[in-house]
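1. Sequence and predicted structure are below.
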Amino acid sequence: QKEVEQDPGPLSVPEGAIVSLNCTYSNSAFQYFMWYRQYSRKGPELLMYTYSSGNKEDGRFTAQVDKSSKYISLFIRDSQPSDSATYLCAMRDSGGSNYKLTFGKGTLLTVNP
Amino acid sequence: DSGVTQTPKHLITATGQRVTLRCSPRSGDLSVYWYQQSLDQGLQFLIQYYNGEERAKGNILERFSAQQFPDLHSELNLSSLELGDSALYFCASSVSGTSGIEQYFGPGTRLTVT
């Protein structure tokens, strides 16, 4: 079983839709949960992160973490064509100075105008 | 633009050869990370350096090595290349004091081994 599982999609939605992206994980030591966005032929860029369980909102984006279920989600409201990209979840534990991130394989999202 | 630079953008080489990928972190960032991205494996952490010292190792093959220099730029050396090493190689850097959460990725080097 991989440490982080993410449905690769592809996911295609109309403009204005609410998008839900999800990851599950198996390592209970993970404490930091991140979402990165990667446009085609570019490096990933950090969208937002949460520590431990709970919700975090940033504009049209909301990240949720449910540690009891080992499940994290990213919601995009009022999706725009510019949101079309691959979304990668990433996680790390809280230990020391080892900053290793474990990534999901990414979900390819297309928002159609 | 993340502020992280990588050279070269593209590299085509033959099996058995050796290549060096170069990365310059954002100004002031002490940590550098290397990742490999392929279609089947996704984005895989290879190695982390902090201020010249190795801090963490991931799924890095013995044929691969890296170092970080006093001016903080880093190089990833790949030797005895195999077809399966064809991938995108990303370098990232992070701000000190952020526990490596906010990593800024470069544009990547696309390596093709023929």
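-> Looks like it arrived, so ask away.
2. Next up, phi/psi of the residue in chain B positioned nearest to chain A, please.
-> Of all residues in chain B, residue B:100 sits closest to chain A, at 2.7 Å by CB to the nearest CB. Heads up, the C-betas are built off the backbone N, CA and C, glycines and all. The main-chain torsion angles of residue B:100 are listed as degrees, to the nearest 10 and equal phi 70, psi 10.
3. repeat for residue B:84
-> Recorded main-chain torsions at residue B:84 are phi -70, psi -10, according to degrees, to the nearest 10.
4. mind showing which ranges of chain B have poor pLDDT?
-> Within chain B, the ranges that satisfy pLDDT under 70 run B:97-98.
5. quick revisit: residue contacts, the nearest residue to the residue of chain B closest to chain A once chain neighbours are set aside?
-> With CB to CB, 6 or more residues apart in numbering or on different chains as the measure, residue A:99 is the residue that lies nearest to residue B:100, at 2.7 Å, once sequence neighbours are left out. Counting by CB atoms under 8 Å, 6 or more residues apart in numbering or on different chains, residue A:99 makes contact with A:92, B:31, B:33, B:48, B:55, B:56, B:94, B:99, B:100.
6. among those residues, who's most crowded?
-> By neighbour count, taken as other CB atoms under 10 Å in any protein chain shown, the most surrounded of the contacts of residue A:99 turns out to be residue B:33 (30 neighbours).
7. Which residues of chain A lie near chain B?
-> Taking CB under 8 Å from any CB of the partner chain as the measure of proximity, chain A contacts chain B at A:32, A:34, A:42-46, A:49, A:88, A:92, A:94, A:97-106.
8. Helix, strand, or coil at the most centrally placed residue in chain B?
-> Within chain B, the residue whose C-alpha comes closest to the C-alpha centroid is residue B:34; the distance, by CA atoms, centre = their mean, is 3.0 Å. Going by DSSP: H, G, I helix; E, B strand; the rest coil, the secondary structure assigned to residue B:34 is strand.
9. That one reaches residue B:23, doesn't it?
-> Yes - taking CB atoms under 8 Å as the contact criterion, residue B:34 and residue B:23 are neighbours in contact, 7.5 Å apart.
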